[in-house]
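Trainee: output the structure for:
(one chain, ligands or ions: 1)
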Amino acid sequence: MMLLSLTDIAVTRRNRPILHGVSLSLAAGEFVGLIGPNGAGKSTLMEAALGLLPHEGRSNLAQMSAADRARAAAYLPQTRDIAWPVSVEDLVALGRIPWPGGGRGPADLAAIDRAIDRLGLQDFRKRTALRLSGGEQNRALIARALAQDTPLLLADEPAAGLDPAQQLACMALFRDLAREGRGVLASVHDLALAARYCTRLVLLAERQVLADGPPDEVLTDALLHRAFAIRIRRIDTPDGPAILPVQP
Ligand SMILES: Nc1ncnc2c1ncn2[C@@H]1O[C@H](COP(=O)(O)OP(=O)(O)OP(=O)(O)O)[C@@H](O)[C@H]1O
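Mentor: Here you go, the predicted model:
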């Protein structure tokens, strides 16, 4: 089942073209890594897809009512703002607002518990979210997105600020969500993590999709040089490729 369908998306911000002719689809079972240089438009593409930014072209999500969209897709934005001194449990419960009853029925409580467990936040659930470390807050916000229990998750640099163990746990969680039949689109800067965990990579650069396919077909010398002006040294290990970016 197709969860995200973008056709010919174009975005202009302050008279500057940011994206042009971007088409992309994502089916249930896929964990798609969105890679590309700083400023390539990864966040812009997610915001346009969700209908949060004016754009040309067609996005299946942007066409939905806000209520339907909130049950179709959860979104972890790049800025991890927590506005109020709520407990972690209450923060995660906000993910249940789109569902009937708005948050505290048995199904809601089960979804909140599941999300807290999957992010390993059991010991934090009564703590004030604002008093957690940056990485802990990040995990609490991922848990909120998970509690929303949507078929599709859009996550903007979900592994940013996480320690190595938590980065692996985060990527493994998204891979597992895809295996369970959801779809995940996440922007990722760590090419090795992207190669190890994503089922597909989309390389955004020069305002367009430069490549879209299995990690091995996207992480080529020619494409990486064109997009990032780097070369990579790659060593294949039993745990997946080790990818070292180096100057050209
Ligand atoms: N509010 C804004 N007004 C005008 N231009 C913006 C605005 N936000 C972002 N841009 C521009 O849009 C372009 C794409 O930004 P975007 O944040 O989508 O990139 P990105 O690929 O997510 O980058 P990063 O890897 O640094 O997070 C950049 O050139 C940026 O300067």
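
Trainee: not counting its neighbours along the chain, what's nearest R175?
Mentor: Y197 (4.8 Å; CB to CB, 6 or more residues apart in numbering). For the C-beta atoms, the positions are set from N, CA and C on the backbone; glycine is no exception.

Trainee: residues contacting the one you found?
Mentor: Shown in contact with Y197 (CB atoms under 8 Å, 6 or more residues apart in numbering): F31, G33, M171, A172, F174, R175.

Trainee: can you say which of these are buried?
Mentor: In those, burial by neighbour count holds for F31, G33, M171, F174, R175, counting by 16 or more other CB atoms under 10 Å.

Trainee: closest to Q78 among those?
Mentor: Within the buried ones among the contacts of Y197, the smallest distance to Q78 is 15.2 Å, found for G33 (CB to CB).

Trainee: just the pLDDT for the closest one.
Mentor: We have a pLDDT of 98 for G33.

Trainee: that one contacts A194, doesn't it?
Mentor: Yes: look at G33 against A194 with CB atoms under 8 Å: they come within range, at 4.0 Å.

Trainee: which helix in the chain runs the most residues?
Mentor: Ranked by residue count and defined by DSSP state H, the top helix of the chain is helix 164-179.

Trainee: just the buried positions in it, please.
Mentor: Buried, per 16+ other CB under 10 Å, within helix 164-179: Q166, Q167, L168, A169, C170, M171, L173, F174, R175, L177, A178.

Trainee: got the angle between the helix or strand following it and helix 164-179?
Mentor: Later in the chain than helix 164-179, the nearest helix or strand by DSSP states H and E is strand 183-187. Computed by axes from the mean of the first three to the mean of the last three CA atoms, to 10 degrees, the angle separating strand 183-187 from helix 164-179 equals 140 degrees.

Trainee: which outside residues touch strand 183-187?
Mentor: 3-4, 26-36, 42-43, 46, 78, 151-158, 174, 177-178, 198.

Trainee: buried ones among those?
Mentor: Counted by 16+ other CB under 10 Å, those give 3-4, 26, 29-36, 42-43, 46, 151-158, 174, 177-178, 198 as buried.

Trainee: please go through the residues you listed and note which also touch the ligand.
Mentor: G36, K42, S43 (CB under 6 Å from any ligand atom).

Trainee: check contacts around the last one.
Mentor: Contacts were defined as CB under 8 Å, 6+ apart; by that measure S43 touches P77, Q78, D156, S187.

Trainee: report the contact partners of the residue minimising distance to the centre of the chain.
Mentor: Taking CA atoms, centre = their mean, the centroid of the chain lies closest to A155, which sits 2.0 Å from it. Counting by CB under 8 Å, 6+ apart, A155 touches Y75, L76, I142, A145, F174, V184, L185, A186, S187.

Trainee: need those in JSON lines (columns: pLDDT).
Mentor: Formatted as JSON lines, the contacts of A155 follow (pLDDT from 0 to 100):
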{"residue": "Y75", "pLDDT": "97"}
{"residue": "L76", "pLDDT": "96"}
{"residue": "I142", "pLDDT": "97"}
{"residue": "A145", "pLDDT": "97"}
{"residue": "F174", "pLDDT": "98"}
{"residue": "V184", "pLDDT": "98"}
{"residue": "L185", "pLDDT": "98"}
{"residue": "A186", "pLDDT": "98"}
{"residue": "S187", "pLDDT": "98"}
